[in-house]
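Chemist: Here is my input; please provide its structure:
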Amino acid sequence: MASLPTIFLFLAGFALGSVLGSFAGVLAYRLPRGEDILVKPSYCPACARKLTSRDLIPVYSWLIFKGRCRTCHTSIGIEALAFDLGMGLCGAILAAIFGLTLQAALLLLSATLFASLFVIMARRGRYPLWLPIMAVTLILAANAIDFL
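Modeler: Okay, the predicted model is just below:
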């Protein structure tokens, strides 16, 4: 049986990773459309209803609402769940390896940017230049922490 600290690290890493996975989905959806990514609240693309905190809990909300908007019942798509679960797993693994450290956070952030970049490129064949630059910078920063 795993010790409590190991389970805590795993769950904390998964929670942070799934939140960042949700944000990666927002980046992948909004950046190619030229939409704001920080100030504009989350909304349903079909009915434009502003999402509440109840709608934005990674993994849980998708499962509880069966992958559909609570208002118009339009399908959200499995991609949202895949982002949340994939990045949650990435966060859990990084937390298990590095603990809850700045290095793990920077690597998780860079993985978030790369995941967004991958989806944008797969969908549209083009991407914003700042995304890979920021991701590489975060990876370098995470590796530089070992030398400090």
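Chemist: contact partners of stretch 77-84?
Modeler: Residues outside stretch 77-84 that contact it (CB atoms under 8 Å, 6 or more residues apart in numbering): 18, 21-22, 24-25, 28, 58-59, 62-63, 67, 115, 119. Yep, even glycine has a C-beta here, placed from its N, CA and C like the rest.
Chemist: Which members of the residues you listed occur in helices, if any?
Modeler: In this view, the contacts of stretch 77-84 that belong to helices under DSSP state H are 18, 21-22, 24-25, 28, 62-63, 115, 119.
Chemist: Report the mean per-residue pLDDT for the helix or strand harbouring Gly86.
Modeler: According to DSSP states H and E, Gly86 maps onto helix 78-98. Mean per-residue pLDDT for helix 78-98: 90.
Chemist: give me every residue that touches Arg70.
Modeler: Counting by CB under 8 Å, 6+ apart, Arg70 makes contact with Asp55.
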